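Undergrad: Let me see the structure of the following:
(2 chains)
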Amino acid sequence: MVAAIIKEIALQKEYLLGKPLQSVYFGGGTPSLLEIKDLELIFDAIHQHHSLAADAEITLEANPDDLTIQKLKDLSKTAINRLSIGTQSFFEEDLKWMNRAHTSQEAKTCIQAAQDQGFDNLTIDLIYGTPTTTNKMWEQNIQTAIDLNIAHLSCYCLTVEPNTALDHFVKKGIKEAVDEEKSAQQFEILMQQTVEAGYEHYEISNFAKPNCHARHNSNYWLGASYLGLGPSAHSFNGDSRQWNIANNAKYINAIEEGLLPFEKEQLTPDQQYNEYILTALRTKWGCQLQKISTWGLGYEQYFLKTVEPYLKEELIQKNEQTYTLTSKGKLLADRIAMELFI
Amino acid sequence: MKNIRNFCVIAHIDHGKSTLSDRLLEFTQTISERKMQNQALDDMDLERERGITIKSHAIQMYFNHSNGEKYTLNMIDTPGHVDFSYEVSRSIAACEGALLLVDASQGVQAQTISNLYLAIENDLEIIPVLNKVDMESAMIEEMSDQLIDLIGCKKEDIILASGKTGIGIEDILNEVVAKVPAPSGSVDLPLQAVIFDSMFNSYRGIIAYFRIINGTLRKGDKVLFMNTDSQYTADEVGILQMDQVPQKELHAGNVGYIVTGVKVSKEIKVGDTITTVENPAAEAVQGYEDVKPMVFAGIFPIDNDDFEDLRDSLEKLQLNDASLVFEPETSVALGFGFRCGFLGMLHLEIIQERLSREFDQDVITTIPNVSYLAYTTKGAELKVNTPADLPDPTQMDRVDEPWIVAQVITKPEYIGSIMTLAMEKRGSLTNQHYLTPERVELSFDLPLAEIVFDFYDRLKSISRGYASFDYSPKEYRTADLVRLDIKLNGESVDALSALVHRTKAATFGRRICKRLKELLPRQQFQIAIQAAIGGKVVARETISALRKDVTAKCYGGDISRKRKLLEKQKKGKKKMRQIGNVEVPQKAFLQVLKLD
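TA: Residues are numbered from 1 along each chain as shown, chains lettered A, B, ... in the order given. Model (predicted):
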């Protein structure tokens, strides 16, 4: 697989038009399983075929149980300068409910060990809305993260995706469904507590200390180009999106033959506009009228017309030519985006 | 004429009428085995699928009897459902004999009995046939006893048959020849031919099927349809075999078809009498009725742009179904559509399904109601076919509603629960009659309005399927009728208004409100669903405001997945109907009545 990914890096060297890479993100699955030498090989390939900005953000996703002190030491010697630790919760009952392999103590220890090894730019995932999570526990989870002085938090509401095991259990009544009211309350707790602690709520699920925004993820929302490598990875170049085949074996076989096994969709102006609304509205940068006008006057007029009732209801606020969600609006981001769609 | 036999088949749905008919056609070589498509007589797909004959047909067979004579047998198929009882009665009136076909495992059903009574009233010779005797579940002894009790025949008169294996087919033909009287009319009298069915052909217009009682009908004759008082030319006359076979003339006793170039089904009425202009009959054959629709409902296109297409489709359906009536109707909630009249609930369902299958028209059907008569304080009589027609209570003297006589045949153990159901439906038992110790016939007087909602389904479930049902209209009686309005955040949804009996209004209202609560999507504000009579709220449900609707993760591939999902929602939203500030999906209109 590593060989295939390295080969794909070479095959895709034109995709980003030679612009210097601002960020690299190892994510999806458990990339912390990669051995250091594999990481080195991948970096070599990146350097060979692309140019990496000097201050590029290079993140590795990891589970607390994978990050031993030795592993952290080794990682600190690589180009990786940011870790995303899948913490989920600091409570045993939550972790158990989510079927996680680590304990809350392991999570705390691992975070501190990472910081000891010089990884100051840490991000952790926390989950709320879980049936086992009370509002009180959720407040404590956030407080623990704040106390650990973590630079960046990604806090996700538990989502039951269709056709997953969890979905199946919920439908069968084996597991409890997500309580909308409780999720809403916990989202409100989250917004208040993080802001008070000096984090900026810069995207629906993301909170950062000053200058600690995830540059990589922010680029998704700002519509920048990105190249995804490996099975199932998505790439985007502004007006078309492509995604690699999901099957590992088929992916490797194709790459070995020098083929890029992806499907591609060309986004129509309407689809580009809709994606822009969907992603930009979730961020502190908001929807920019100037950007909307690049699709044409019709789009601008449509936006102004459809956004009007939301301004009145104070779900959206306007600052000069920028439209962002209010705290109230953030609870209904999907609904509002849908209403603003073409 | 002495070698003609006209007979029909009286049978319950699923008792094997169509299959048995096919065997008769095969045996008489009217149709070759190779050409045979199962159930040749049911030529609408829908009929074949549902296994019921919706419209009657007729076919002529030639039978070479062992006595050396050749007989012409006209078999007239009869529709097998309660909504079409008038058409059945006209088919029966065109015959001298009837095969009483009973499934040897299921026994006699209500539908069969009421048609049998009709046949007996018309002096038809009844030939009892037990069908499906080859089945393991056949109870020949018991079912023979039932038939003996029912028509007073002898055990040896009963023919044991199987449409599947062909047992008894020749016996049936022999018995028809032996027992059914030859027609008794006269060729010399002025023409009297009674229409028992009609069909539409896109090239030839309406083709009427008739039985000649007296006289002769020739190609080219100027003919008069006596009840509608219209004149036409007999462009073509002929007999009905697997195809239409043109003839120069047809005589008394025979069954045939006529093509007059008429394009509109309304001009040709089942039960009407055809005579000649030159030598007209003194009077029409008795028994003609102008069939009136009993059940009305609004039919609306899902997409308002399809209104003209819907009109076209309804017009085409009307060409071969004169009992369907419609006129334009406007609804605030649903836009432009049609108020349609049907013979009954099955007829409504058939029309809905044919619109979908044959014309690709998916429609929203509003709450059906029966046809009421309202009398104003000034003494005017008004037909009320839609809730909006009901006069203001202050100007209304009274409303009358149609009642029916209903027959239910069931097993004795279900009498109690069926009576409870009938009483709940405002009915009263008028007669209870044991056909056999295991089979009882119950007669009820019931308001027709009460069988429009969930009556069949409930009857079926409380009797575990062991109850059959038939009805005929009886009279109008005064009813304590109210209009129940459904409101969303205070705004009336006209398409959901219903005419209901006052005692049923609250229960009905609660059910609709509860169902709507399940069907309406939550919005950013709370939605009050109310059922009200005038200003008085009788039921209420509340849909809480949408509290949170936001995706947690939105990176890379999530973006296009989420965009597609929201685009789909947006598309669905565009099709929603706006009632005040509440958005109502079409699904809600479609499913609100499925009160299970």
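
Undergrad: need the contact list for B:Ile10.
TA: For B:Ile10, the contact set (CB atoms under 8 Å, 6 or more residues apart in numbering or on different chains) comprises B:78, B:92, B:98-101, B:112, B:115-116, B:119. Where C-beta positions appear, they are placed from N, C-alpha and C, glycine not excepted.

Undergrad: Show me what the mean pLDDT comes to for the one helix or strand B:Tyr476 maps to.
TA: Following DSSP states H and E, the helix or strand that holds B:Tyr476 is strand B:467-479. Averaged across strand B:467-479, pLDDT comes to 88.

Undergrad: What are the buried residues along it?
TA: Along strand B:467-479, the positions that meet the burial threshold by neighbour count (16 or more other CB atoms under 10 Å in any protein chain shown) are B:467-471, B:479.

Undergrad: So which elements touch whichever helix or strand comes after it?
TA: Where DSSP H and E defines the elements, the next helix or strand beyond strand B:467-479 is strand B:481-488. Applying 3 or more CB pairs under 8 Å, 6 or more residues apart in numbering or on different chains; DSSP states H and E, one finds that strand B:481-488 contacts strand B:498-501, helix B:502-519, strand B:527-533.

Undergrad: Would you format the ones you listed as a markdown table with distance to chain A, mean pLDDT and mean neighbour count included?
TA: Compiled in a markdown table, those are given as follows (distance: least, CB to the nearest CB, whole Å; pLDDT from 0 to 100; neighbours: other CB atoms under 10 Å in any protein chain shown):
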| stretch | distance to chain A | mean pLDDT | mean neighbour count |
| --- | --- | --- | --- |
| strand B:498-501 | 32 | 92 | 23 |
| helix B:502-519 | 16 | 93 | 17 |
| strand B:527-533 | 15 | 96 | 21 |
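
Undergrad: Which of these sits closest to A:Lys209?
TA: The minimum distance between A:Lys209 and these falls on strand B:527-533, with 42.1 Å, by CB to CB.

Undergrad: hey, which strand is longest across chain A?
TA: Longest strand of chain A, by residue count under DSSP state E: strand A:52-62.

Undergrad: which strands and helices sit next to that strand?
TA: In this structure, strand A:52-62 packs against strand A:21-26, strand A:82-88, helix A:215-221, with contacts taken as 3+ CB pairs under 8 Å, 6+ apart.

Undergrad: does any bit of the second one sit next to chain B?
TA: This means strand A:82-88. No - for strand A:82-88, no contact with chain B is found by CB under 8 Å from any CB of the partner chain; the gap never falls below 11.6 Å.

Undergrad: returning to that earlier point: closest to A:Ile42 out of the helices and strands packed on strand B:481-488?
TA: When the helices and strands packed on strand B:481-488 are ranked by distance to A:Ile42, counting by CB to CB, first place goes to helix B:502-519 at 52.4 Å.

Undergrad: For that closest one, name the packing helices and strands.
TA: Of the remaining helices and strands, those touching helix B:502-519 by 3+ CB pairs under 8 Å, 6+ apart are strand B:481-488, strand B:498-501, strand B:527-533, strand B:536-543, helix B:586-591.

Undergrad: Kindly format the C-alpha coordinates of that helix as PDB.
TA: C-alpha atoms of helix B:502-519 as PDB (Å, rounded to 0.1, in the frame of the first residue of the first chain):
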ATOM      1  CA  ARG B 502     -71.000  14.400  14.500                       C
ATOM      2  CA  THR B 503     -70.500  11.400  16.800                       C
ATOM      3  CA  LYS B 504     -67.400  10.400  14.800                       C
ATOM      4  CA  ALA B 505     -65.900  13.800  14.400                       C
ATOM      5  CA  ALA B 506     -63.600  13.800  17.400                       C
ATOM      6  CA  THR B 507     -62.200  10.300  16.900                       C
ATOM      7  CA  PHE B 508     -61.700  10.900  13.200                       C
ATOM      8  CA  GLY B 509     -60.000  14.300  13.900                       C
ATOM      9  CA  ARG B 510     -57.700  12.700  16.500                       C
ATOM     10  CA  ARG B 511     -56.600  10.100  14.000                       C
ATOM     11  CA  ILE B 512     -55.900  12.600  11.300                       C
ATOM     12  CA  CYS B 513     -54.000  14.900  13.600                       C
ATOM     13  CA  LYS B 514     -51.900  12.000  14.900                       C
ATOM     14  CA  ARG B 515     -51.100  10.800  11.400                       C
ATOM     15  CA  LEU B 516     -50.200  14.300  10.300                       C
ATOM     16  CA  LYS B 517     -47.800  14.600  13.200                       C
ATOM     17  CA  GLU B 518     -46.000  11.500  11.900                       C
ATOM     18  CA  LEU B 519     -46.000  12.800   8.300                       C
END
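
Undergrad: coming back round to it: could I get the average pLDDT for the longest strand of chain A?
TA: Averaged over strand A:52-62, pLDDT sits at 93.

Undergrad: Pull the residues that contact the helix or strand following it.
TA: Tracing the chain past strand A:52-62, the next element assigned as helix or strand by DSSP H and E is helix A:69-76. Contact with helix A:69-76 is made by A:32, A:36, A:39, A:60, A:83, A:113-114, A:116-119, as judged by CB under 8 Å, 6+ apart.

Undergrad: Which members of those are the farthest-apart pair?
TA: Distance extremes for the contacts of helix A:69-76: the farthest pair is A:Leu39 and A:Asp116 at 20.6 Å, using CB to CB.

Undergrad: between those two, who's got more neighbours?
TA: Counting neighbours by other CB atoms under 10 Å in any protein chain shown for A:Leu39 and for A:Asp116 shows that A:Leu39 has the greater number, 20 against 12.

Undergrad: Retrieve the pLDDT associated with that one.
TA: At A:Leu39, the pLDDT value in this model is 92.

Undergrad: can you count the residues close to whatever residue of the stretch 301-450 of chain B ends up closest to chain A?
TA: Sorted by distance to chain A under CB to the nearest CB, the residues of the stretch 301-450 of chain B start with B:Asp303, at 19.3 Å. Applying the criterion other CB under 10 Å, we find 13 residues in the vicinity of B:Asp303.

Undergrad: Now do the same contact list for it.
TA: B:Lys575.

Undergrad: Now it: phi and psi?
TA: Main-chain dihedrals, B:Asp303, degrees, to the nearest 10: phi -110, psi 120.

Undergrad: Same question for the one 10 residues further on.
TA: B:Ser313 has phi and psi values of phi -60, psi -40 when expressed as degrees, to the nearest 10.

Undergrad: how close does it sit to B:Gln29?
TA: From B:Ser313 over to B:Gln29 the distance is 39 Å, taken as CB to CB, to the nearest Å.

Undergrad: for residue 129, phi and psi?
TA: Because you didn't say which chain, this covers chain A. With angles defined as degrees, to the nearest 10, A:Gly129 sits at phi 80, psi 0.

Undergrad: And B:Phe453, how far from chain A?
TA: To chain A, B:Phe453 is 31 Å away according to CB to the nearest CB, to the nearest Å.

Undergrad: got it, and B:Arg483?
TA: Separation of B:Arg483 from chain A (CB to the nearest CB): 34 Å.
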